[in-house]
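Engineer: Sequence and predicted model, in that order:
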Amino acid sequence: MRLDVVTIFPEYLEPLNVSLVGKARARGQLDVRVHDLRSWTHDKHNTVDDTPYGGGPGMVMKPEPWGEALDAVIESGEGRPVIVVPTPSGRPFTQELAVELSEKPWLVFTPARYEGIDRRVIEDYAERCDVREVSIGDYVLAGGEAPVLVMVEAIARLLPGVLGNAESHRDDSFAPGAMADLLEGPVYTKPPEWRGRGIPDVLLSGHHGKIARWRRDEAFRRTTRNRPDLIERADPAAFDKKDREMLSILGWAPGDDGRFWRVAQDVEE
Ligand code: JDQ
């Protein structure tokens with residue numbers, strides 16, 4: 001897979017040289033190219049921003065440097081890339097979108113600064129490329145570089161052969177929908193006692209059926225507490241008899257449509 005990033009802060013993308021993404025690049029599984037937007041400016045001050053039409057606070061990124069940069073990047077490769085534009089007003093970046101993007105041969109990321117990019121740039125490239133405006137969450141950052149790091153890591157770990165055996169894919173990759181349904185429960189490793197705290201007996205029992213059930217119960221505890229929205233919109237056909245028992249203990253019951261809703265107060269830790 002080829003990834004291009006056009007930014008006024010190339011040094012912000014340095015983390016792409018380390019860890020999982022850095023190793024994938026070193027192995028030739030990922031071709032990452034980071035470009036300085038200012039190299040497509042022509043004035044003495046390398047200007048990339050200007051005041052907004054209609055007034056208001058802040059500055060807007062000028063269209064000309066983006067147009068020249070994206071033309072040059074697109075010309076340098078074969079075919080048309082998917083262009084990913086980080087913005088707080090984009091569609092949510094989800095595991096499902098990460099999977100979809102991981103199947104593309106070529107992604108171009110355009111992290112902006114200031115109040116964003118002149119709208120005409122997005123409209124122009126949308127005429128010849130698949131352009132995705134994407135938000136990584138409902139909070140406001142100062143620019144799109146951190147979202148690019150987040151998205152590239154989520155995408156790169158899905159590429160064939162990028163994760164080693166030790167950190168190999170689990171439920172999330174085998175069933176893309178699975179992770180959206182239930183949060184993971186707690187995990188433990190050696191030593192068996194630490195600061196007076198042991199390991200739940202069931203995990204030492206060697207009883208695989210009981211362990212699987214305990215893990216699922218813990219997943220329900222966490223999901224009802226931290227992400228009740230996931231339980232509310234879950235397809236109740238995905239819940240077995242024991243799941244329903246656990247949900248009842250946690251204060252949830254099926255409504256008229258079979259979906260679960262919270263009927264009791266929050267259960268303590
Ligand atoms: C840019 C900005 C518009 C603040 C400029 C470029 N999920 C997510 N949060 N924040 C961003 C993405 C993001 C992405 C790119 C960005 C923020 N800003 C600052 C722009 C309104 C408010």
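Structural biologist: Perfect, I can see it now. Numbering: from 1, shown residues only.

Engineer: In contact with V140, which residues?
Structural biologist: P88 (Cβ atoms under 8 Å, 6 or more residues apart in numbering). To be clear about C-beta, it is placed using only N, CA and C from the backbone, and glycine gets the same treatment.

Engineer: Can you tell me the element it falls in?
Structural biologist: When elements are assigned from DSSP states H and E, V140 belongs to no helix and no strand.

Engineer: Skip ahead from the lengthiest helix in the chain and say which helix or strand is next.
Structural biologist: What stands out as the longest helix in the chain, according to DSSP state H, is helix 208-226. Counting by DSSP H and E, the next helix or strand C-terminal to helix 208-226 is helix 228-233.

Engineer: what's in contact with that following helix?
Structural biologist: Outside of helix 228-233, the residues within contact range by Cβ under 8 Å, 6+ apart are 180-183, 220, 223-224, 247, 252, 259-262.

Engineer: Closest one to the ligand out of these, please.
Structural biologist: Taking Cβ to the nearest ligand atom as the measure, the ligand lies nearest A180 of these, at 18.8 Å.

Engineer: Any of the contacts of helix 228-233 buried? List them.
Structural biologist: Buried members of those, counted by 16 or more other Cβ atoms under 10 Å: A180, D181, L182, L183, F220, T223, T224, L247, W252, F260.

Engineer: The second one contacts A234, doesn't it?
Structural biologist: Just to be clear, that refers to D181. Yes - contact criterion Cβ atoms under 8 Å: D181 and A234 qualify, at 5.7 Å.

Engineer: thinking again about what came up before, which helices and strands does the longest helix of the chain pack with?
Structural biologist: Packed against helix 208-226 by the contact rule (3 or more Cβ pairs under 8 Å, 6 or more residues apart in numbering; DSSP states H and E) you find helix 201-204, helix 228-233, helix 241-249.

Engineer: next one: whichever strand in the chain runs longest to chain centre, how far?
Structural biologist: Longest strand of the chain, by residue count under DSSP state E: strand 82-92. Averaged C-alpha coordinates place strand 82-92 at 11 Å from its chain's average position (Cα atoms, centre = their mean, to the nearest Å).
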